[in-house]
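Undergrad: sequence and predicted structure below; questions after.
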Amino acid sequence: DIQLTQSPSFLSASVGDRVTITCRASQGISSYLAWYQQKPGKAPKLLIYAASTLQSGVPSRFSGSGSGTEFTLTISSLQPEDFATYYCQQLNSYPPPLTFGGGTKVEIK
Amino acid sequence: QLQLQESGPGLVKPSETLSLTCTVSGGSISSSSYYWGWIRQPPGKGLEWIGSIYYSGSTYYNPSLKSRVTISVDTSKNQFSLKLSSVTAADTAVYYCARQQRFRGGPSWFDPWGQGTLVTVSS
């Protein structure tokens, strides 16, 4: 299985801060990575796919980069609605499984 | 606008079979561009992919659950279903269904998701 390790697992930040979350894969996955945002009691929402492609309707303050084994999700200026948990997911379906990172919870400082 | 809705019992007894259905509205489950997947999330924990199905019936399963999982599709009803057998308390989770983009021939990212349904395994 391809393991995804997110760091940090928790971060405290203020509105307006630039925030970066890292996702490291246990083996190279090219650009086959997605990012999701999940708020309490809600389903995850797709933010980015193929490492850097912004999903339609997602604010441009979100961006993704990376390839191979190291990826980042950046929020350029944190907004109140961005406090949530973020997950990465690798997109190699063969061989299975599709896997998720352990999550990064972003809380208000 | 595509919507997905999970349905099924919220309480299942240990050793029995968990059965859920996902109804797709606002689009066809028979689209060649998409797979349809199940994901679960134990309370307070992270996300785990269970498996995915194509409208033709082709399936991908998580090897860790493969011996207990069956995913099927009913294109006439625009639904797909999950069966998980021999459940234990460890299977207690919110279960989500979602559409997956067909990518490099297989299932990939999930969008959109259903709202999720909590299934508790308890006697």
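TA: Noted; the coordinates are in hand.

Undergrad: from here on, just use CA atoms for contacts and neighbour counts.
TA: Noted.

Undergrad: tell me how far the ends of stretch B:18-33 are from each other?
TA: Length of stretch B:18-33, first residue to last, CA to CA, to the nearest Å: 29 Å.

Undergrad: whoops, I mixed them up, stretch B:64-80
TA: Using CA to CA, the gap from the first to the last residue of stretch B:64-80 comes to 21 Å.

Undergrad: near chain B, which residues of chain A?
TA: By CA under 8 Å from any CA of the partner chain, the residues of chain A that approach chain B are A:34, A:42-46, A:49, A:89, A:91-94, A:96-103.

Undergrad: if you set the cut-off to 6 Å instead, what comes out?
TA: A:43, A:91, A:93, A:97, A:102 (CA under 6 Å from any CA of the partner chain).

Undergrad: centroid residue for chain B?
TA: residue B:38 (2.5 Å; CA atoms, centre = their mean).

Undergrad: ok, and the closest non-adjacent residue to it?
TA: residue B:97 (4.6 Å; CA to CA, 6 or more residues apart in numbering or on different chains).

Undergrad: residues in contact with the one you found?
TA: B:37, B:38, B:113, B:114 (CA atoms under 6 Å, 6 or more residues apart in numbering or on different chains).

Undergrad: tell me the secondary structure for it?
TA: Here residue B:97 is strand, with the state taken from DSSP: H, G, I helix; E, B strand; the rest coil.

Undergrad: buried subset of the contacts of residue B:97?
TA: B:37, B:38, B:113, B:114 (16 or more other CA atoms under 10 Å in any protein chain shown).

Undergrad: just checking, the third one touches residue B:100?
TA: Right, residue B:113. No - with contact defined as CA atoms under 6 Å, residue B:113 does not count as touching residue B:100 (9.3 Å).

Undergrad: make sure the residue nearest to the centre of chain B is indeed in a strand.
TA: Yes - per three-state DSSP, residue B:38 lies within a strand segment.

Undergrad: residue contacts, it?
TA: B:50, B:51, B:96, B:97.

Undergrad: now do the strands in the chain.
TA: Defaulting to chain A. Ranges of strands in chain A, per DSSP state E, are A:4-7, A:10-13, A:19-25, A:33-38, A:45-49, A:53-54, A:62-67, A:70-75, A:85-90, A:104-108.

Undergrad: wrong chain, I was asking about chain B
TA: For chain B, the strands defined by DSSP E occupy B:3-7, B:11-12, B:18-25, B:34-41, B:48-54, B:59-61, B:69-74, B:79-84, B:93-103, B:106-113, B:117-121.

Undergrad: done for today, thanks.
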